[in-house]
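> one predicted model, sequence on top.
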Amino acid sequence: MKPKLLFIINTLTYGGAERVVSLLLNHLAEKYELHLVIFENIIKYPIPASVQVYCLQESSQAQGIHALLRLPVMAKKLASYCKSHQIDSCISFLNRACYINAIRKTCWPSAVKTIMCERSHQSSILQYLGGGSKIFAIISKKLISWSYQKADLILTNSELSRLDLQQNFKITRPIHVVYNPVHITDILQKATEPVQDYTYSGFTFISVGKFRVEKNLQLLLQAFSLLKDLPIQLIIIGGGPLETNLKQQAGELGIADKVWFGGFKSNPFKYIKNANCFVLSSHTEGFPNVLLEALACGKSVISTDCKSGPREILAAATDMDTVLEKNIEIAEYGILVPENNPRLLAFAMQKIFQENNLREQYEEKSIRRAAEFSNEIIIPQFEPYFY
């Protein structure tokens, strides 16, 4: 009989954690009986037909007191499902799913192995969520500390995230680091598809991500505006609550005619492949899949030196506690820049634009670096923890 693994996550809409769950489901399907529990029936990423899907019929966007009150209700549903299907391991991704997993274990104890997967640098992300509310940050920090202490083990996707949980959230449960996998074969195949809705003209920078505060796309627009007299263009793929504000900012900066907001794309890789350089401008990350995907497309990359992930990807041999403040860093696999510094980000972008040799050196290394995070290497590292 195959071991029974249950994955719980808000939805499988577009996002880094969601992509990882999809990859895991597709690569574990032959060896395990897989179950997927989601809040809302939204599945954008491919999953095997053999996966048993159970929808909790709850809003994945619920916030405030209503969201807190629904947690025990969802935990009871999860406990019942685990019992009726004789689940061996319950693996949660993202905070709310982890809260539910913790309540399930506390109120309906069983032999089910409880695994929680942290996908961000929580101390950093709490600065940018909840509208700066101190009450939100305090409640969230207590919930994270309480819930993760209920786990049999925790998996993080970066060393800095592991240290953050131990040092700032006082988590004493076993924590292991497994980096995010990247499906290189799929990316390379999709990257060959033609781009039909955009015309590349001149040197092209590109960024892909959700339009949220922590992604700090405002910084990218500010930096690009400092270079607007150069023969360059900018593509931003994605969408979200800040889309109107970002388009307005582009207009105010006088760069609307050189910036294309392409919207959400099921295949962003063909746009990355046809661009010259990928830029990540985030305040905070967990372990940014999109950097690995850009490397897999053979691109040079520029990233803020935010917590966590970019330094571990682009400058693995350096001290991961390094924090850039006044200079850029020409790292082994890309350029790192200080957070929230438009002048230095613009300087790095201009350097990649002007220095062909540097850009070509990065392009030559990029696919080799991405290959170190391939499914074939990373996914087997998850399995010993899952069962």
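On my side now, so go ahead. Note that the structure is predicted; figures quoted are calculated from it, not measured.

> quick check: longest helix of this structure.
Secondary structure assigned by DSSP state H gives helix 64-84 as the longest helix of the chain.

> list the buried ones in that helix?
Residues of helix 64-84 classed as buried under the neighbour-count rule (16 or more other CB atoms under 10 Å) are Arg70, Leu71, Met74, Ala75, Lys77, Leu78, Ala79, Tyr81, Cys82. C-beta coordinates here come from the backbone N, C-alpha and C atoms, glycine included.

> contact partners for the second one?
By that I understand Leu71. Listed by CB atoms under 8 Å, 6 or more residues apart in numbering, the contact set of Leu71 reads Arg96, Tyr99, Ile100, Ile103.

> check the third one too.
Listed by CB under 8 Å, 6+ apart, the contact set of Met74 reads Phe39, Leu56, Glu58, Ile100.

> what's the answer for the fifth one, then?
With contact taken as CB under 8 Å, 6+ apart, Lys77 is in contact with Leu56.

> offset the numbering so it begins at 22, please.
Okay, using 22 as the starting number, the last item reads as Lys98.

> re the thing from before, how far off centre is the longest helix of the chain?
Remark: helix 85-105 is offset 25 Å from the chain centroid, using CA atoms, centre = their mean, to the nearest Å.

> export that helix as PDB, just CAs?
Extracted in PDB, the C-alpha atoms of helix 85-105 (Å, rounded to 0.1, in the frame of the first residue of the first chain):
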ATOM      1  CA  GLY A  85      -9.400  39.900  10.300                       C
ATOM      2  CA  ILE A  86     -11.600  38.300  13.000                       C
ATOM      3  CA  HIS A  87     -13.700  36.400  10.500                       C
ATOM      4  CA  ALA A  88     -10.600  34.600   9.200                       C
ATOM      5  CA  LEU A  89      -9.600  33.700  12.700                       C
ATOM      6  CA  LEU A  90     -13.000  32.400  13.700                       C
ATOM      7  CA  ARG A  91     -13.100  30.100  10.600                       C
ATOM      8  CA  LEU A  92      -9.800  28.400  11.500                       C
ATOM      9  CA  PRO A  93     -11.200  25.800  14.000                       C
ATOM     10  CA  VAL A  94     -14.000  25.000  11.500                       C
ATOM     11  CA  MET A  95     -11.600  24.300   8.800                       C
ATOM     12  CA  ALA A  96      -9.300  22.400  11.100                       C
ATOM     13  CA  LYS A  97     -12.200  20.100  12.100                       C
ATOM     14  CA  LYS A  98     -12.900  19.400   8.400                       C
ATOM     15  CA  LEU A  99      -9.200  18.700   7.800                       C
ATOM     16  CA  ALA A 100      -9.100  16.300  10.800                       C
ATOM     17  CA  SER A 101     -12.200  14.400   9.600                       C
ATOM     18  CA  TYR A 102     -10.700  14.100   6.200                       C
ATOM     19  CA  CYS A 103      -7.400  12.800   7.500                       C
ATOM     20  CA  LYS A 104      -9.200  10.200   9.700                       C
ATOM     21  CA  SER A 105     -11.600   9.000   7.000                       C
END
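
> so what's the model's average confidence on that helix?
When pLDDT is averaged over helix 85-105, the result is 91.

> and the next element down the chain from that helix?
Counting by DSSP states H and E, the element after helix 85-105 in chain order, helix or strand, is strand 110-114.

> in its sheet, which strands sit next to that following strand, and in what direction?
The strands that strand 110-114 pairs with in its sheet are strand 25-30 (parallel), strand 134-139 (parallel) (by DSSP bridges).

> got the contact list for the last one?
So that's strand 134-139. So strand 134-139 is contacted by 38, 109-114, 119, 122-123, 125-126, 168-169, 171-178, 182, 186, 307, 406-408 (CB under 8 Å, 6+ apart).

> centre of the chain versus the helix or strand that that strand is followed by, how much separation?
Next along the chain after strand 134-139, taking DSSP H and E as the criterion, comes helix 143-146. For helix 143-146, the separation from the chain centroid amounts to 13 Å (computed by CA atoms, centre = their mean).

> just to revisit the earlier point, take the strands paired with strand 110-114 and write them to CSV, including distance to Gln148.
Formatted as CSV, those follow (distance: least, CB to CB, whole Å):
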stretch, distance to Gln148
strand 25-30, 24
strand 134-139, 17
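
> residues touching the closest residue in space to Asn178 that isn't next to it in sequence, list them.
Counting by CB to CB, 6 or more residues apart in numbering, Phe308 is the residue found nearest to Asn178 once chain neighbours are left out, at 3.8 Å. Counting by CB under 8 Å, 6+ apart, Phe308 touches Gly37, Arg140, Asn178, Ser179, Ser182, Tyr200, Asn201, Ser329, Gly330, Glu333, Ile334.

> ok, of those residues, which come out buried?
Among those, those buried by neighbour count (16+ other CB under 10 Å) are Gly37, Arg140, Asn178, Ser179, Ser182, Tyr200, Asn201, Ser329, Gly330, Glu333, Ile334.

> can you list these in a markdown table and add secondary structure?
Below are those laid out as a markdown table (DSSP: H, G, I helix; E, B strand; the rest coil):
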| residue | secondary structure |
| --- | --- |
| Gly37 | helix |
| Arg140 | coil |
| Asn178 | coil |
| Ser179 | coil |
| Ser182 | helix |
| Tyr200 | coil |
| Asn201 | coil |
| Ser329 | coil |
| Gly330 | coil |
| Glu333 | helix |
| Ile334 | helix |
